[in-house]
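Student: Make a model of this:
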Amino acid sequence: MKDILVGNFALHRGQFRPPNAIRVVDWNIDRGLRLPEITDFLASQQADLLTLQEVDLNARRTRFRNVAEDIARRLGMNYVFAREFEELTQGSRTSPAYHGQATLSRWPLKNPRLIRFRCQSRFWRPRWFLPKTDPFQERLGGRIALVTELDLLGSIFNVYNLHLESRGSDSLRLSQLKEALGDAAGHGARVATLLAGDLNFDISEGDPAALIRQVGFRNLLGDSHLYTRPARHFFGDPRSIDWALVSGPVYPTLEQVHATVNASDHYPISFTLRLL
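Tutor: Okay, here's the model as predicted:
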């Protein structure tokens, strides 16, 4: 489960200076179930950096694809994929299936590593009395942050791709966020850092917002309460659970939630980061 997959499909850019800005899309792609539509949208954004969550690897439901590599090949990007869970109902003993996070970039990605959070839910663990069928989603593993360095011609930009626990309390999610932010804050205020992903709770106020300010990060969506996940059923409520935070010499602009894109059960968010 500690293995990280990498692939390099980006063309040589022919640039000799670091870019002034990078365009970013963050999105929980719901395993890649609607991969052609997902890839078409990502292609339309012409992003330099993608942080994707719920990305399948060798799962039956997505036709045993390496979803991260398929997207990287189509868009001409480099990628890093980290396993979050082994999906016990989607593979076999000889050919296991996984899902996790993928970070893709038109620039080189260096020094990938993962943080497997110390505090985890026990909800996903297999139990003898549950049938090995899809609705129960039995899994091995735990929630992670995928950490990479984006090499912008010698200038390093740190990227944290997060997926916090969906089953559990906000206090559990806050502890996972605190662990990731603590790691990220260690880079110091002079290094540009992005933390983005599906956080599964609203971080725009209360304890999460106070923690974010305390460690020197800025919330790109602020307290706008833009919904990033639609209501799942008639009586459900839309939710604000996908977020992006930045610190260091970087200025965010053009923040947007793409609420008309229906290729996943989350909306993508996009923004441009101007490097100072």
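Student: Spatially nearest residue to residue 66 (excluding sequence neighbours)?
Tutor: residue 57 (5.5 Å; CB to CB, 6 or more residues apart in numbering). Every residue, glycine included, has its C-beta placed from N, CA and C.
Student: Spit out the contact partners of the one you found.
Tutor: By CB atoms under 8 Å, 6 or more residues apart in numbering, the residues touching residue 57 are 5, 65, 66, 67, 68, 81, 83, 97, 98, 99, 100.
Student: what's the answer for residue 256, then?
Tutor: Residue 256 makes contacts with 269, 270, 271, as judged by CB under 8 Å, 6+ apart.
Student: swap in residue 250?
Tutor: Contacts for residue 250 (CB under 8 Å, 6+ apart) come out as 157, 192, 193, 194, 273, 274, 275, 276.
Student: I'd like those laid out as JSON lines, including distance to residue 151 and secondary structure.
Tutor: Output for these, formatted as JSON lines (distance: CB to CB, whole Å; DSSP: H, G, I helix; E, B strand; the rest coil):
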{"residue": "157", "distance to residue 151": "8", "secondary structure": "strand"}
{"residue": "192", "distance to residue 151": "12", "secondary structure": "coil"}
{"residue": "193", "distance to residue 151": "14", "secondary structure": "strand"}
{"residue": "194", "distance to residue 151": "14", "secondary structure": "strand"}
{"residue": "273", "distance to residue 151": "15", "secondary structure": "strand"}
{"residue": "274", "distance to residue 151": "18", "secondary structure": "strand"}
{"residue": "275", "distance to residue 151": "13", "secondary structure": "strand"}
{"residue": "276", "distance to residue 151": "18", "secondary structure": "coil"}
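Student: And those, which is closest to residue 29?
Tutor: Set against residue 29, the nearest of those by CB to CB is residue 194 (18.1 Å).
Student: Isn't residue 110 up against residue 152?
Tutor: No - Residue 110 is beyond contact range of residue 152, at 10.9 Å (criterion: CB atoms under 8 Å).
Student: who has more neighbours, the two?
Tutor: The neighbour count for residue 110 versus residue 152, taken as other CB atoms under 10 Å, is higher for residue 152 (19 against 13).
Student: Could you give the bridge partners of the residue nearest to residue 66?
Tutor: Note on residue 57: beta-bridge partners by DSSP bridges are residue 66, residue 98.
Student: With residue 70 as the reference, measure out to it.
Tutor: According to CB to CB, to the nearest Å, residue 57 and residue 70 sit 11 Å apart.
Student: Could you do residue 161 as well?
Tutor: 18 Å.
Student: what about the two, which has more around it?
Tutor: residue 161 (30 against 18).
Student: all strands for the chain, in order.
Tutor: 4-8, 21-31, 49-57, 78-87, 98-105, 109-116, 139-141, 144-152, 155-163, 193-198, 218-219, 242-247, 250-257, 269-275 (DSSP state E).
Student: Of all those strands, which one comes closest to residue 229?
Tutor: Judging these by CB to CB, what sits closest to residue 229 is strand 242-247, at 7.1 Å.
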